[in-house]
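Undergrad: Here is a sequence together with a model predicted from it:
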2 protein chains.
Amino acid sequence: SQASAASATTYPRVRSLDRALTALPDANLALVSIPGEQAAPEIDRLLDKDLHVFVFSDNLAVDDEVRLKHKARERGLLMMGPDCGTGSLGGLPLAFTNIVTPGSIGIVGASGTGTQEVMVQIDRAGGGVSQAIGLGGRDLSEKVGAVTCLQALRALDADPGTSVITLVSKPPAPSVRETVLDVCQELATPVVAILLGEQPAVEVDGNVHFAATLDEAARLAVSLAGTVTDEEAPAVELAPGQRTITGLFCGGTLTSEAAILLSRGLGVPTDAEHADGYMLHHDGHTVIDLGDDAYTQGRPHPMIDPSLRAQMIRDAFDDRQLAVLLLDVVTGFGSHEDPAGAIVGAIEAGREAARADGREVVVVASVCGTEKDPQPLSEQTRTLQEAGVVVLGSNAAATRYALGVVSRTGERRTPAEIPEPTRRLVSEAPRVVNVGLASFADTLQERGGQVVQYTWSPLAGGNARLQRILAALS
Amino acid sequence: SQASAASATTYPRVRSLDRALTALPDANLALVSIPGEQAAPEIDRLLDKDLHVFVFSDNLAVDDEVRLKHKARERGLLMMGPDCGTGSLGGLPLAFTNIVTPGSIGIVGASGTGTQEVMVQIDRAGGGVSQAIGLGGRDLSEKVGAVTCLQALRALDADPGTSVITLVSKPPAPSVRETVLDVCQELATPVVAILLGEQPAVEVDGNVHFAATLDEAARLAVSLAGTVTDEEAPAVELAPGQRTITGLFCGGTLTSEAAILLSRGLGVPTDAEHADGYMLHHDGHTVIDLGDDAYTQGRPHPMIDPSLRAQMIRDAFDDRQLAVLLLDVVTGFGSHEDPAGAIVGAIEAGREAARADGREVVVVASVCGTEKDPQPLSEQTRTLQEAGVVVLGSNAAATRYALGVVSRTGERRTPAEIPEPTRRLVSEAPRVVNVGLASFADTLQERGGQVVQYTWSPLAGGNARLQRILAALS
C-alpha cells in the first residue's frame, strides 16, 4: 500500500525552505509549529512560495494574523490558525486529529477539540468527513473579520466531495456573525452551525441548521448528508424543474414535526387551518396527515389500513416538480402487520411511471419502531431499502435529509468560483512542508502523506536585537 | 412463563361492568375504545368503581373531559385521553404501542405518535422506558388546564423506577405552560421537555432540559438517565452533603461546552474571567480547562502529559462536597498513547481515600475518539469502565448525566406524596377492563397482562332520544 511504502523510506529532513521545496517541488501546504513569537516572518516566506499555511503555534500577534490572512487571501491561499490544533485535508491528519470515516461532511472549525468532538460524533453516528479546516480561535473576532472562515466555507461549497458543511465556533463578534451567516445562506451546500454558548433562535433558518451542542451538530450534519452507507448509493440526478417536497404521513405528531422543520428550512409558512389534514401547503410543497378526520371517515386510520396512502404515494410521482417524497412508517401493536410492505408496491409503480417520463424521485422515510415490535425494525427497513428508499434513523433526520436534497439540487445557484490553489487544497491530498515538531511529519508519513521536514532554527540564534537589525537591513 | 401461561387460557368476556369486576376483582384500569359521543356516562361509572381510565375514543366533548378529569383527580385516579393513542404501564402496551426496552425513563405525552417516536428513539439510543402516560391532545389547553399532565408528572416523580421524565406536547396555552413548567422545576426528577413547534430559549433551565425535536428529546433523556447498561450498575449512594460537580478537562472547547450546560442546569454563572483556566467556579462547582496557559507553562499540554491532571483528579476526591467528577478523554494523533490508562490510577486512589472517609463519588467521562485512533475507543472505554467510570457517548451527554445525578441526589426535596391508587398505577402491572376493541385485550393477554373483555353495547340500542329519557329517569 501507499502507506507502508511511504513508511519504508523516511521523509527528507532539510534546514532551509528552499531545500524543502527542492525535496518536495509540488508542496502546497506548510504545517507550522515553531514558537509563535517568531513565526510571522516565516509565514510570510511560506506564503511567498505559494504554500497554504496551517499554524499550530500560538502566541502569534493578532496584527500579524490579520496582515498574513489578508496576504494569503490575495494569493488564493488559506492561512489556518494560529493556535490551530486540528485539521484534516485530503484524508491526511494535521496536528491533533482523530481518524474518522471518510465521507461528505466538511468541517470549518474555529476551535480544536470542538472540531475533534464534531468529527468523532459524525463518525459515531455513521457519517463521514471530507475535510476539516481549522481557523484558529480568533478568526471570527471583529479584528480578523472571519477572513479564513469565509474562504473555507466557499472552498467546501465548491468541493464536489462535500455535501454538507458544519461550522464550529464560539459566538462570533455581532458584525462578523452577520457576515458569516449571510455567506452561509448564499451557499449551494446546506450548513450546520454550532456557535457554542449561543442558544439558537430557530432549529433551521433557510440554508442553515442550528445546533446547541457539539454532538447535536454532528447528528444534524449526518441527517442532512445521510450516513456513509446512504452516500454510497448511486446519486439521484434531479431535473432542473424538480424542486418540491411532498410528505404523506400516518402519525399526526410526526406530520407536525416534519411540517415545522420543512417550513423553517424552506422559508414557507405552516398551514394553520389544517384543512384536509394539510399541515404545510405552499409553493408546491405539501405535508399531509392522513390520520386526519378528512381521510378516516368510513375507513380505518392509515396506520391500520394503508390502501389510501398507497394510492396517494403512487399519484405523487405524477407531479413533475416533485423532488423528494417523505414518509413515516409506524410499527408496533395496533399498526398494520407489514406497513412497509403495504407501500413499496406503490413506490415502485410511481418510480416506474416517473422514469418513463425521464425523472427520478428521492424517497426518504423513517421507521417509528423497534426490533421487538411484531413488525421488526430490521425487516421493515430492508423492505424499504430494497425499494430504493433512503431510510433515516428518525423522523426529524428524514425531514432534514429531504431539506438537504432540495437545497443541494434545487434551483439554487451553483457554487461561486474559487481560486485554483484553494480548489486543489480541498480536492487532493496535500504535499506538506512540516516546519517544527517532527512528530507531525511522522504522523503524515504514517498515513501515507508526502512530507518534508524543515528543521527550523531561529534567525540569529534567537537573539531578538540581532533579528531586528537583520530585518532592518533586508 | 407468565406470558405463555396467560396465552394458553383466553381472557373472560362479559357484557356488564359488574360482571367484569367479578371476573377481575382487583382491576384498576379501564381501556375505553367505544364511540366517544357515548363514552362519558360509561367513564363516569368506571371512575365510580375506582378504575383509572385510558380513553382511546375520540369525539368526547371537551366539557365532559374537564368534568371527568376533575372527578378522577378527586378520587386519586388518572383519566388518560380522550383520543389517547399510546401508553405503557407496568410494561404492558396500551392501544398503539411499540415494544421498547424497560428502563428508567418515564414519558408524559399529550400526543400519540410523538410519544411513540420518543419511546422508539430512547430504545435506539440504548435507553429504556419505565412508564408512558398518555394525556390526550387537549390536556394542556386553557380549558382542561393540564389536570392529567400534573398528576402524571407527580406520579412519575414519586415512582422509584423512574429517574428521568420526558414531557411531549404541542406548545401549551401560555398560562398552562407556566403552571406545568413551574411543577417541572419543583420535581425531584430531572425533566426533558419537547413542546413541538416552540424553539427552546435555553438548552437547560434548572431542572428542565429542552429539546426541539422528538429524537433530540429521547437522546437528552438517555444522557440524563444513562443507558440501560449504565442503569444496571449498582447505584452510588451519595451522602446528604455531597452536592457539587467538578470538571477537570483537557480540551478547551469541551470545557466550554460543559461549563455552559452546567451553568444553565445548576443556575450559576459561567466564569467570564477564565483566570487559571476556570470556566465555572461558583457555589462549590468548578470546571477547569487544564490546557489553559496557567497549567502549560514549562510543561506539555494535558492531552500529551496527563500527570498534572492525574494529581488534580486524585485531590478532587478529598472535597467532601463532591458528588460528581466530570472528565474528558481525548485520543487521536498527537495525544498521549493511553490517556484513559494515565488517569485511572488517580481515580482509584481517590475513590479509596473517599471510601475510607465513608463517601462514594460518581465519576463520569466521555471519550473524544474513534475505533480507528491509535488508542482505540473500545479499549479506552473499557479501561475507564473497569475503574468504575460511567462512560457516556459525548461530552454533552456526560455533562447532562452529571446534572442528572446532582438533581436526583442533591439537596432537592423528596417527591411529594401521591394518592395510593396513583402510586399503584405506576408501580404494578395494571389489571385491565377492556371496554371496546377486543384486539386491545388480545395484545394485553399476549404480553402477559390480566384483562377482562367487557363487550359494551350502547344504552337503548344507541337511540339518543330514549337515552335522554332514561338519563332523566335515573
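TA: Everything's here; your move. Residues are numbered from 1 along each chain as shown, chains lettered A, B, ... in the order given.

Undergrad: show me where the stretch 51-200 of chain A has helices.
TA: A:62-74, A:112-124, A:147-158, A:174-186 (DSSP state H, counting those that start in this stretch).

Undergrad: average model confidence for the shortest one?
TA: Looking at helix A:147-158 alone, the average pLDDT works out to 97.

Undergrad: Identify whichever of the helices of the stretch 51-200 of chain A lies nearest to chain B.
TA: With Cβ to the nearest Cβ as the measure, helix A:112-124 is the member of those nearest chain B (2.9 Å). Where you see a C-beta, it was placed from the backbone N, CA and C, and this is true even at glycine.

Undergrad: That closest one near chain B at all?
TA: Yes. Legend: contact between helix A:112-124 and chain B by Cβ under 8 Å from any Cβ of the partner chain is shown at A:112-117, A:120-121, A:123-124.

Undergrad: Equivalent analysis for stretch A:145-153, please.
TA: No. Judged by Cβ under 8 Å from any Cβ, stretch A:145-153 and chain B are separated, with a smallest distance of 15.8 Å.

Undergrad: So what touches that stretch?
TA: A:66, A:69-70, A:72-73, A:78-80, A:108, A:110, A:133, A:135-136, A:139-140, A:165, A:167, A:169, A:172, A:176, A:179-180, A:183-184, A:187, A:191, A:422 (Cβ atoms under 8 Å, 6 or more residues apart in numbering or on different chains).

Undergrad: For the helices of the stretch 51-200 of chain A, give me CSV that also has mean neighbour count.
TA: Formatted as CSV, the helices of the stretch 51-200 of chain A follow (neighbours: other Cβ atoms under 10 Å in any protein chain shown):
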stretch, mean neighbour count
helix A:62-74, 17
helix A:112-124, 30
helix A:147-158, 24
helix A:174-186, 16
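
Undergrad: CSV please, covering these and showing distance to B:Pro269.
TA: Converted to CSV, those look like this (distance: least, Cβ to Cβ, whole Å):
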stretch, distance to B:Pro269
helix A:62-74, 27
helix A:112-124, 22
helix A:147-158, 29
helix A:174-186, 21
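
Undergrad: sorry, back to before: can you tell me which of the residues of helix A:112-124 next to chain B is closest to B:Arg154?
TA: A:Gln121 (35.8 Å; Cβ to Cβ).

Undergrad: In terms of pLDDT, where does that closest one sit?
TA: pLDDT at A:Gln121 comes out at 98.

Undergrad: Kindly report the same for A:Val129.
TA: 97.

Undergrad: Show me what it bridges to in the sheet.
TA: A:Ile105 (DSSP bridges).

Undergrad: For it, grab the count of nearby residues.
TA: Around A:Val129 there are 28 other residues, counting by other Cβ atoms under 10 Å in any protein chain shown.

Undergrad: Next, the contact list for it, please.
TA: Residues near A:Val129 by Cβ under 8 Å, 6+ apart: A:88, A:100-103, A:105-107, A:119, A:122-123.

Undergrad: cool, A:Asp157 as well?
TA: A:165, A:187-189, A:415-416 are the contacts of A:Asp157 under Cβ under 8 Å, 6+ apart.

Undergrad: residues from the stretch 301-450 of chain A in reach of chain B?
TA: Counting by Cβ under 8 Å from any Cβ, the stretch 301-450 of chain A sits next to chain B at A:303, A:328, A:330-335, A:368-370, A:372-373, A:393-397, A:439-440, A:443.
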